[in-house]
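Participant: I need the structure of the sequence given here:
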Amino acid sequence: MGRKKKKVAESPEEPLNTVQSMEPITSHLSPSNKETIMVTLHGATHLPTCKDGSEPWPYVVVKTTSEDTKNQNAKAVTSVTSEPTTAPIWGDTVKVELQAEDAGREDVILKVVDNKKKEELLSYQIPIKYLRVFHPYHFELVKAAQSGKAEEATAKTHLYATVVRKGSFFPRYIGSNHTALEVFLRGVNEPLVNNCDPMVVIARVVPNYNDFKVNQIKQDAASVGLPITRLSFPNPSVMRFDVPRGSQNGCPQLSKPGGPPELPSWNQSFLFQGRDGATNFSEDTALVLEYYSSTSMKGGEPWTLSKPLGVSVLPLKSRLYRKMLAGKGLSGLRVERLPITDTKLKTINGEAPTVDISFQLLSSENPENFLTPNNSQVLPILDPKILDEKLGTIRESWSKATVSSTMESSTSTAQEAEEEPQSPKMPHEMELNNYRRAMQKMAEDILSLRKQTSMLEAENRMLRSQLTQEEGEEEQDNSNAQKLDEVSMKQKLVLSELDMKKLRDKVQYLQNELIRKNDREKELLLLHQAQQPQATLLKRYQDKLQKMKALEETVRHQEKAGVTGDSPPGASLGAQAFPVLPASGLPLGTAGEPLPADLYSALLAENSRLRAELEKNRHQPAPIILQQQALPEDPGELGTGGDLAERLQETDGPGHSKGTETLPAQDLLASTSDKFSLLAKLERAQSRILSLESQLEDSARRWGREKQDLATRLQEQEYGLGHPSNSIITDLPNSLAHTKDHRRPLKLDPLMPSSDTKLNKPSNSQNT
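Facilitator: Numbers count the residues shown, from 1 in each chain. Here you go, the predicted structure:
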């Protein structure tokens, strides 16, 4: 569980060998020049588990700090429980002796140890100098809650113990003739029939029984059961050890469990100091014995005592005081049959049980004889008449007002005067006694205040030393924390500087990139400005190509115009282009009717014009094309849409193109590779144009010859010199067949007005 545990060498005592817990105490004083610490271990709750998580088998070792420092084996060891448990019940009393001169420096240490592994489960350290001599302290020892699982486990533990510091003599207080009152409880006289468990007794001497009963009715914690003083470790407060003088509830003391259950016997002596008012016999002072079942002290809260089984009350009147002093030897009396009242316990005779007690006054500071089971039997037996028939009259007198109490006191005083003659006291002596008692009380108060002052000063010194130590530790922690903060700040500063350097490098890189982008943009702008004239020139070439395509389409349509659906594949161009002339000498239309004369004349004029243009183009020189060695071979680099040579051609008429004009040599040398590619493709386009022009020239020659023959025949027919009309029609195909070339003739469509417009337009542009 993360808790550091020490090994312990002491072994527990056997339950049958714990003599110190079974034998009655024969002396209330420690040896000369020594002090004795009597510790009664009652039990504990919520003990921490062992290191391996198992339940402990606990016992308690009691030793002083010097013994613990020297690693001496302690003799004050309790018995071990019958089985492993976290809520043990011991009920053993052990004692530790030390030199009286060392009491101010020594502490008593209580260690809870596991019997199986000899591991220390937890420990408590009580300063001896804070303990008042002969006062019984009933402690509940706890650990202050701290952080950590181990500390939380020990903080739940509660150890219950009674601690009494005994000296070698009884202190004597000013104005008091006696030092203490000793009460010896023997046991129950008659066997009980309805008691199943051993009983424990809480004995106390109260200065005013009436006030004590009122406090019990009010459920005052100091008057009900056993008052507990809670000590919080590791630094218990000195005020927890202070004992008020003249408490209304007395100083209760706890006995051992008395058995057997049918006839409990204790044989235990209780000592009440004169400081607590036990030796001041008066009409209201009483000895109160409360009987509890020992099972009520077991379980989760062993100090939560249930309702008492019964109560015995012995009034300590002045009559008892005189009776005690009148005896010989010991100044004590014996009450054989002190009744147990307010009880449901019954004897075999059906009556309420009674107990046998003895008590004596101790006048010496170092008495030699204490009550024992043997010498208590020789004490004078108290006359039952003094008890006024089972304390009935005494209870009435305590419950009456002050006046009735005074009257009863005077009556009892008169009766005592009859039995035992007493010398009358003078008023002067009474006043002197009152003055003495007042002075005694004042002196005791002064001494008590001085002692409290010395204790507070000692505690203040201890607290100051602790505060100084804590301040030193706090300063050291602060300095360490400051150093750690400085180191962390330096690390953060270094990291921030590295980040700044990275950001600075990134900004520099981005600035360089921006400069490169700007330079690239300027280059692109200059390139764009340089390419604008080339774009204009490319647009001109594209327009020429479009015009060239239009001219080629026109030529194709004219070739197809002479082909009819009824002519065979091998028919001549003249037979397809011109129908068989009727007898009137004009060609026939689509319906077999002769064409108008104006249309026929227009066709003749157009054919003449075309022949002239062909002759003109034949005599023009070929264009000069500059060739480059490294030209791109991919014809698609300059865009889509067909051959770029066709795009760059612009025709003025059949067989002629403006693209054939020679470009200046200096422009071609200054252009880029795009210009060379365009020029290469333009050369290919011009070669194709030349082939087309040659084909068109051959077709035009054949067409001209046929036209001339037709015109000659028409003239011969007009003047009556030629062959009949049917011979013209029959001879026309033959004549065309003789002049036909081996190549397939071009098919020309009839010239329409739209075609005429297209053909005239480039001619006019060329002439201009």
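Participant: just to check, Ala145 is in contact with Thr157?
Facilitator: No. Taking contacts as C-beta atoms under 8 Å, Ala145 lies outside contact range of Thr157: 11.3 Å. Bear in mind the C-beta positions are built from the backbone N, C-alpha and C, glycine included.
Participant: which residues of the stretch 401-550 of the chain score low on pLDDT?
Facilitator: 401-427 (pLDDT under 70).
Participant: neighbour count: Ala145 and Thr157, which is higher?
Facilitator: The residue with more neighbours, out of Ala145 and Thr157, is Thr157; 19 against 12, by other C-beta atoms under 10 Å.
Participant: from memory the more buried one sits against Thr45, does it?
Facilitator: Yes. Counting by C-beta under 8 Å, Thr157 does reach Thr45; the two are 7.1 Å apart.
Participant: and the helices in the stretch 151-300 of the chain?
Facilitator: With helices called from DSSP state H, counting those that start in this stretch, the stretch 151-300 of the chain shows them at 209-217.
Participant: residues near Ile217, how many?
Facilitator: Residues near Ile217, counting by other C-beta under 10 Å, number 10.
Participant: any figure for the gap between it and Ser223?
Facilitator: To Ser223, Ile217 is 9 Å away according to C-beta to C-beta, to the nearest Å.
Participant: check Leu121 too.
Facilitator: Per C-beta to C-beta, Leu121 is found 35 Å from Ser223.
Participant: name the SS class of Glu365, please.
Facilitator: coil (DSSP: H, G, I helix; E, B strand; the rest coil).
Participant: tell me the phi and psi of the closest residue to it other than its chain neighbours?
Facilitator: The spatially closest residue to Glu365, leaving aside those adjacent along the chain, is Phe169, at 4.4 Å (C-beta to C-beta, 6 or more residues apart in numbering). Phi and psi for Phe169, reported as degrees, to the nearest 10, are phi -160, psi 160.
Participant: mind listing what Phe169 touches?
Facilitator: Leu29, Glu365, Asn366 (C-beta atoms under 8 Å, 6 or more residues apart in numbering).
Participant: ok, of the residues you listed, which come out buried?
Facilitator: Among the contacts of Phe169, those scoring as buried are Leu29 (criterion: 16 or more other C-beta atoms under 10 Å).
Participant: what packs against the helix of greatest length in the chain?
Facilitator: In the chain, taking DSSP state H as the definition, the longest helix is helix 427-561. Applying 3 or more C-beta pairs under 8 Å, 6 or more residues apart in numbering; DSSP states H and E, one finds that helix 427-561 contacts helix 644-648, strand 651-653, helix 673-719, helix 753-767.
Participant: lowest-confidence stretch among those?
Facilitator: When the helices and strands packed on helix 427-561 are compared on mean pLDDT, helix 753-767 scores lowest, with a mean of 39.
Participant: what's the burial count for Arg334?
Facilitator: Residues lying near Arg334 (other C-beta under 10 Å) number 19.
Participant: sec struct for it, please.
Facilitator: strand.
Participant: does it touch Ser376 like I think?
Facilitator: Yes. With contact defined as C-beta under 8 Å, Arg334 reaches Ser376; the gap is 6.4 Å.
Participant: next, show the common contact partners of these two.
Facilitator: Ser358.
Participant: buried ones in stretch 548-561?
Facilitator: Those would be Met548, Lys549, Leu551, Glu552, Thr554, Val555, His557, Gln558, Glu559, Ala561, for stretch 548-561 by 16+ other C-beta under 10 Å.
Participant: C-alpha coordinates for it, PDB please?
Facilitator: Below are the C-alpha coordinates for stretch 548-561, written out as PDB (Å, rounded to 0.1, in the frame of the first residue of the first chain):
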ATOM      1  CA  MET A 548      -8.700  28.700 -98.700                       C
ATOM      2  CA  LYS A 549     -11.100  26.100 -97.300                       C
ATOM      3  CA  ALA A 550     -14.000  28.100 -98.700                       C
ATOM      4  CA  LEU A 551     -12.300  28.200-102.100                       C
ATOM      5  CA  GLU A 552     -11.700  24.400-102.000                       C
ATOM      6  CA  GLU A 553     -15.300  23.800-101.100                       C
ATOM      7  CA  THR A 554     -16.400  25.900-104.000                       C
ATOM      8  CA  VAL A 555     -14.200  24.000-106.400                       C
ATOM      9  CA  ARG A 556     -15.500  20.700-105.000                       C
ATOM     10  CA  HIS A 557     -19.100  21.800-105.500                       C
ATOM     11  CA  GLN A 558     -18.400  22.900-109.000                       C
ATOM     12  CA  GLU A 559     -16.800  19.500-109.800                       C
ATOM     13  CA  LYS A 560     -19.800  17.700-108.400                       C
ATOM     14  CA  ALA A 561     -22.200  20.000-110.300                       C
END
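Participant: gap between that stretch and the chain center?
Facilitator: How far stretch 548-561 lies from its chain's middle: 91 Å, per C-alpha atoms, centre = their mean, to the nearest Å.
Participant: do the same with stretch 217-229
Facilitator: Offset of stretch 217-229 from its chain centre (C-alpha atoms, centre = their mean): 46 Å.
Participant: got the contact list for it?
Facilitator: Stretch 217-229 is contacted from outside by 137-140, 160, 202, 212, 215-216, 240, 247-249, 252, 254, 292, 303-305, using C-beta under 8 Å, 6+ apart.
Participant: now with 6 Å?
Facilitator: Identification of contacts with stretch 217-229 by C-beta atoms under 6 Å, 6 or more residues apart in numbering yields His138, Phe139, Glu140, Phe212, Asn215, Gln216, Arg240, Asn249, Pro252, Trp303, Leu305.
Participant: hang on, isn't Gly250 packed against Ala203?
Facilitator: No. Using C-beta atoms under 6 Å, Gly250 makes no contact with Ala203, being 8.9 Å away.
Participant: contacting residues for Thr347?
Facilitator: For Thr347, counting by C-beta under 6 Å, 6+ apart, the contacting residues are Glu190, Pro353.
Participant: give the bridge partners for it, please.
Facilitator: With beta bridges defined as DSSP bridges, Thr347 has these partners: Leu192.
Participant: and His138, bridged to which residues?
Facilitator: Applying DSSP bridges, one finds that His138 bridges with Thr162.
Participant: contacting residues for it?
Facilitator: His138 sits in contact with Thr162, Leu226, Ile228, where contact means C-beta under 6 Å, 6+ apart.
Participant: rerun that using 8 Å as the cut-off
Facilitator: Per C-beta under 8 Å, 6+ apart, neighbours of His138: Tyr160, Thr162, Leu226, Pro227, Ile228, Thr229, Pro252, Leu254, Trp303.
Participant: in strands, which of those residues appear?
Facilitator: Counted as lying in strands by DSSP state E, out of those, are Tyr160, Thr162, Thr229, Leu254.
Participant: which SS state does Thr81 fall under?
Facilitator: Strictly by three-state DSSP, Thr81 counts as coil.
Participant: then Leu599?
Facilitator: Using three-state DSSP, the structure places Leu599 in helix.
Participant: need the pLDDT of Gly641.
Facilitator: In this prediction Gly641 is given a pLDDT of 40.
Participant: hmm, I was thinking of Lys218
Facilitator: 84.
Participant: go ahead and confirm Glu190 touches Asn349.
Facilitator: Yes. Under the criterion of C-beta under 8 Å, Glu190 makes contact with Asn349 at 6.7 Å.
Participant: which one's more surrounded, these two?
Facilitator: Higher neighbour count among Glu190 and Asn349: Glu190, with 16 against 10, using other C-beta under 10 Å.
Participant: excluding chain neighbours, what is closest to that one?
Facilitator: Nearest one to Glu190, counting by C-beta to C-beta, 6+ apart, is Thr347 at 3.9 Å.
Participant: with Val205 instead?
Facilitator: What sits nearest to Val205 in space, not counting adjacent residues and going by C-beta to C-beta, 6+ apart, is Ala278, at 4.4 Å.
Participant: repeat that for Ser265.
Facilitator: In space, Ser265 is closest to Gly187, 3.3 Å off (C-beta to C-beta, 6+ apart).
Participant: next, count neighbours for the one you found.
Facilitator: Neighbourhood size, Gly187 [other C-beta under 10 Å]: 18.
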